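**Student:** Sequence first, then the predicted structure, then my questions.
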Amino acid sequence: MKRIYILIVFLSYTISLLAIGQKDKFVGGTSAVYLGAEYRKHVFFEEMLANKSIVSLEQFYRVGGENVPVTPTKCKIQYTADSLYVLFSCYEDNMDFPSKLHEKWFSLLGSPVEQDASFPDKVDLFISPSLKTSSYYQFTATLKGEYFGCKFNAPQVLQDADGLIPQRKYEKINDFKVQIIKQKDYWYAFLSIPWETIEGKPNGCFGLTPVRTRWRNSEVSSPVAMDYSDRPVATDLFIETHLGGTPQIRVYDKILCKLPSGNYRWQRPARVVYPSEKTKREILNLQKTLSQKTTEKNLLQRLFLLQSWVDLMSLEGFNFGSTRGSLPLQDMYVYLTRKKVNRLLMEEKYPNVCEIVDDYLAQLDSVSTKWYADGSIGNIKSDSWKSLEEVESVENQKEATLLKCKVDDRVVNLYLSFPQTGGVRLHADRKGFFSPDHAASVSFHEESAGKYISEQANFKIKMTQKPFKLSFYDSSDKLKLEISKIAFKYSQAGKIDAVDCRIKVTPDEVIYGFGEKFDKFNQKGGVLTLWGMDDWLGLTTGLQNQSYKPIPVFHSTKGYTMFLNSSYRLRADIGNSNPGELRLSQHGDILDYYFWVDAPEQALQSYTNLTGKPILPPKWAFEPWMGRTGRGWRAPGDPVKEKKRVIEQFEKLDIPHSAIYAEGVGAERPDMHTYVNARNIKPLSWYYSAIDQKTQQRLMPDVDVKDLPILNVDNPAKLASRDISYVDFTHPNALEMARRWWKLRLDLGIAGSMVDFGDRVPEDVTFYNGKKGDEMHNFYSYDYHRTYAEVFRERRGNDFILFGRSAAPGTQKWVAQFSGDVRANLRGLEGCLNGLLNLSACGFSIWGSDLGGFRAWAEPNVYIRWTQFACFSPLMRSHGRVPKEPWEYGDKAVVNYKYYAWVRENLLDYIYHSATQSHLSGIPMVRAMAVAFPEELSVVNIPDQYMFGKDLMVCPVITDKNKRKITFPVGKWTDLWTGKTIQGPFYSEIDVPIEKIPVYIREGAIFPVRLSSNFKFGESLTRNKVNAFIISLTYKIDKEVFKGEHGVEVSMKKEDDSYRIVMEQALDFRYLIVYGSQITDVKIDGKSLPLLEEKDLTSFPLGWFRDNENNRIVVRTPCGVSKEVILNK
């Protein structure tokens, strides 16, 4: 192995020369330490804290290698003849952030399954007495002072014959001490562990890994570089810890390092970085030379390239799991291979190491070749792409302009048209699914030799024949969009099997959309892949960069929107490889692009003209829902009994709900339906996209097996059974199958359902319509959701709601959406906000997250903040594996939840009106600031505030801080809770007490509310309520009009020093609540109303009242269908 060491030195130098900038810089975690001399006396906290001569691990990294800041943490280590002492110093600027333990985890033999969620703020010390085994000890301490010790006895194999990871056996450990000390901005965990507790003082080296968990923001960090799946600890990456010697820390800057013990180790990067172009070329060369075996001579280089390869695919959204809708036929998580390699390296079985590396590289090459359009990572095989060189001829036809294009030695026909639905369409001979009924040709005329122009009312299209270029300008000749290159990849048979399009981007451009993207709002600078997946790992612990809902629609703040009308897998390199270029590479033979050179709202109106307007659920669907998963309802015992208990507790607390998400057996029990129907609560159920063959045969005994609507799998032996059972909804028998399956529940009165999954279709299945899974994977949910929606509509008319996890363009007209399996902390909340804003920008309007998160318990303040966000989301719904009722999260959570449940009822008419307008126009209920205010550059890149309906700007709090920054667009904004006004444009940092979410009323707003008799938000409406219109006066707009249900119309018009408000068909609305001006006189139908005193409010006769506390006036109008109110300054 000596030659490996020599090669490590040489190749690490060579690899460093391959790096460009910081992209390839390898950062390793702590691999080894020498603790120095044995301390001769008992160690005390104060002494150890002050001692600067002992080993102190001060560089912690995020698990998973996320390149984001880490909360400062230190770990000091000292020892005596009798004991090991470890001191964690944990910075914390919000020490009072509340937590509530729901499990007596410290009394269990083993860590609970939901490990992170069970320990809100904690530290762990893992110790392995011998690095030759995978057994270890875990010592845990929390900020609250609980502690726990356990020994994990390792299984004999890493995976069994079925590929499953065997469970460890546990032994509880009590013989150790923990001291928790809190000081300003820091808390300390001082652990003293007798050597005898961990099998005696080591004669040689032993393993040690400190870990800090800060659950509120999903932060798990350690000096050891670990993978997301290395939980609770990476047993092959323990810090090699030596007693004696000079105190020192060893960090290695190469992927294969030699430890002080002489053992070699494959270490994980502490920070995952995007590989440089040079490294990508090296990986491409490796793909070409995989027939050459890995040897001791090239092991270092191959491990470096292997890890870079995996990291690049991970950063681009690849899923290495086998049952998540991705490509692997068996789990390919690299940490499993790394563990095998490191065990063999320790045993000096180097030929076996090389065999395992070769096996993994072969698998990686197989999935990578399929994943990328040209078979190379990043689609860098330039010789695989044939560029559109020139337009040989231009022919204006009736419904399109034909461009005959030269591509290498081939001719490709492109058609440019103005669809009836709006925008501009560019497509080749094979078009995508969505087409307008009619279109018009672009009618180019030649501006100069080889240059063509088409001028429209508000934009221009310019085309250059050679070299080909297509550009879009606004009416003032400002460039909005330039397609600089189109290329095709051809199969050996000469058919197009991939398309590549490149668009110029600018440094300050914001690009957003692409479906429900959880990782961030502005996708500029990254690479994403649109391929629907069951993203369990990514959403619950990982990068959050995969998606259930891949929608190929995006917007640019340069002033254009693009829809790629193809469901094949799409890779979007958004200025990552080339900062000046957006590259869109898509599998398949479809080139079909729609462009809009419009404001985003207008583009979405046109886009939904093409694909379908968002659904309009019944009004009750916009009230709060209660709910859990099936296992959540089962946990206490009888699920129906548990549902009744929850409903009765909400009734006792006077907290309103319109529906219960009754996942599990309760959905089919008549007693549950009888109970909820008596309380006017709508029952909702769960189902998904699979009905296995036996069930289908039972439901349709009159149908031959070969005519059952089940996916035709080319090789069933290679695929998970759950995926094989997917219904083929393109089959003519699928609708009848669905009718029969849903009959029992619909007969009982089910009012809606989650329609889960739909994101796992394998690539090699064949659908009844003749299409393969590679094309139908991203589009499966369209027919799936359409079919179930049709079954419900046949039975219930429009009085139902379905909500799906997967989505495709157009599914917005069949079902609502929910966010999926998000983590129950602030990172999960932030991800949901990102997902909502990106998905809404793709024409989806009715969406809700799992209040409090799906996986595990949320901390009380997280639950409180999530409740506020849910109140101002299109749907306010609860769902999760553990109880999500507010009393599980403390008294403050109950008060908060009750308040916002009633705020939801206060705003129900406004919310339903917003949903109605969205259904009619296609403009979503929730609009990111970039969608709502595209011309205001100060707000277009703000990812954490949005418009909720036309009139409310919502600024959710997604951190644990009590302040947040808000940027106000142009105009006057009125605080919904206090009535205070802010004149925009303005930037401010405001206080955000835990009980309030910042919400502001738009200047000129008119909308209905239902309030308690003292006109306050968040109070019960059970016994009394008043119907009112909120009006925010404006002097900038001549007239504002609100048109609501049942012909209600309210208009406001400014007239000199007064405002004229006309109310038509407003019999149920007697009150006006007016913000925004100093009113001195109120007249109704020409007569002045009296100014009332506060004491008059008990009866509130006709008149008006100054509510100085809330900076508004309240007017009571006479009973009548129509009335005119004059407000004089």
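**Tutor:** Arrived safely.

**Student:** Specify the beta-bridge partners of Val727.
**Tutor:** Val727 forms beta bridges with Ile710, as assigned by DSSP bridges.

**Student:** Count residues in the vicinity of it, would you?
**Tutor:** 27 (other CB atoms under 10 Å). Where C-beta positions appear, they are placed from N, C-alpha and C, glycine not excepted.

**Student:** Next one: Tyr1000 from Thr974, what distance?
**Tutor:** Per CB to CB, to the nearest Å, Tyr1000 is found 6 Å from Thr974.

**Student:** Please identify which of the two sits among more neighbours.
**Tutor:** More crowded of Tyr1000 and Thr974, by other CB under 10 Å: Tyr1000, with 28 against 24.

**Student:** Could you give the secondary structure assignment for the residue nearest to Thr295 when sequence neighbours are not counted?
**Tutor:** What sits nearest to Thr295 in space, not counting adjacent residues and going by CB to CB, 6 or more residues apart in numbering, is Cys354, at 6.1 Å. Following DSSP: H, G, I helix; E, B strand; the rest coil, we place Cys354 in the helix state.

**Student:** Verify the stated contact: Cys354 with Gln292.
**Tutor:** No - assessed by CB atoms under 8 Å, Cys354 is found out of contact with Gln292, at 11.3 Å.

**Student:** so how far does stretch 934-942 reach from one end to the other?
**Tutor:** When the termini of stretch 934-942 are compared using CA to CA, to the nearest Å, they are 12 Å apart.

**Student:** Check the model's average confidence along that stretch for me.
**Tutor:** Across stretch 934-942, the average pLDDT comes to 97.

**Student:** Buried residues in that stretch, which are they?
**Tutor:** Residues 934, 936, 938-942 are the ones in stretch 934-942 that count as buried (16 or more other CB atoms under 10 Å).

**Student:** How about stretch 633-646?
**Tutor:** Those would be 633-634, 639-640, 642-644, 646, for stretch 633-646 by 16+ other CB under 10 Å.

**Student:** how distant is that stretch from the center of its chain?
**Tutor:** 30 Å (CA atoms, centre = their mean, to the nearest Å).

**Student:** Over to stretch 915-934?
**Tutor:** Mean C-alpha position of stretch 915-934 versus that of the full chain (CA atoms, centre = their mean) differs by 20 Å.

**Student:** Quick one: end-to-end distance for that stretch.
**Tutor:** Terminal residues of stretch 915-934 lie 22 Å apart, using CA to CA.

**Student:** before we move on, back to that, so which of the buried residues of stretch 633-646 comes closest to Ala1066?
**Tutor:** Closest approach to Ala1066 among these (CB to CB): Val646, at 38.1 Å.

**Student:** In a helix, Trp742, correct?
**Tutor:** Yes - note on Trp742: a helix contains this position according to three-state DSSP.

**Student:** Could you give the number of residues near the nearest residue to it once chain neighbours are set aside?
**Tutor:** Distance criterion CB to CB, 6+ apart; nearest residue to Trp742, sequence neighbours excluded, is Val791 at 5.2 Å. Neighbours of Val791 under the rule other CB under 10 Å: 21.

**Student:** And for Phe318?
**Tutor:** By other CB under 10 Å, the residues close to Phe318 number 23.

**Student:** helix, strand or coil for it?
**Tutor:** Three-state assignment for Phe318 (three-state DSSP): coil.

**Student:** What are the phi and psi values at it?
**Tutor:** phi -80, psi 140 (degrees, to the nearest 10).

**Student:** returning to that earlier point: and the pLDDT for the residue nearest to Thr295?
**Tutor:** 98.

**Student:** Distance to Lys406 and pLDDT added to the buried residues of stretch 633-646, as TSV?
**Tutor:** Below are those laid out as TSV (distance: CB to CB, whole Å; pLDDT from 0 to 100):
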residue	distance to Lys406	pLDDT
Trp633	64	92
Arg634	65	83
Pro639	66	93
Val640	69	95
Glu642	69	95
Lys643	67	96
Lys644	72	97
Val646	68	98
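
**Student:** from those residues, which two are the most distant?
**Tutor:** Maximum pairwise distance among these (CB to CB): 14.2 Å, between Arg634 and Lys644.

**Student:** Domain-wise, how is this structure divided?
**Tutor:** The chain breaks down by the TED database into domains covering 27-266, 277-371, 382-504+560-568+581-597, 619-932, 1003-1128.

**Student:** Please tabulate those domains in a markdown table and include distance to Glu989 as additional columns.
**Tutor:** What follows is the domains of the chain, written out as a markdown table (distance: least, CB to CB, whole Å):
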| stretch | distance to Glu989 |
| --- | --- |
| domain 27-266 | 16 |
| domain 277-371 | 33 |
| domain 382-504+560-568+581-597 | 33 |
| domain 619-932 | 17 |
| domain 1003-1128 | 21 |
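
**Student:** just those domains: most buried one?
**Tutor:** The highest mean neighbour count among the domains of the chain, using mean count of other CB atoms under 10 Å, belongs to domain 619-932: a mean of 21.

**Student:** ok, so of the buried residues of stretch 633-646, who is nearest Phe148?
**Tutor:** Phe148 lies nearest to Arg634 out of the buried residues of stretch 633-646, by CB to CB, at 27.1 Å.

**Student:** can you pull the contacts of the residue lying closest to that closest one once chain neighbours are set aside?
**Tutor:** Among residues not flanking Arg634 along the chain, Gly664 sits closest, at 6.3 Å (CB to CB, 6+ apart). Neighbouring residues of Gly664 by CB atoms under 8 Å, 6 or more residues apart in numbering: 629-631, 633-634, 639, 686.

**Student:** Adding distance to Ala856, write these out as TSV.
**Tutor:** TSV is the format used below for these (distance: CB to CB, whole Å):
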residue	distance to Ala856
Thr629	12
Gly630	16
Arg631	13
Trp633	17
Arg634	17
Pro639	20
Trp686	19
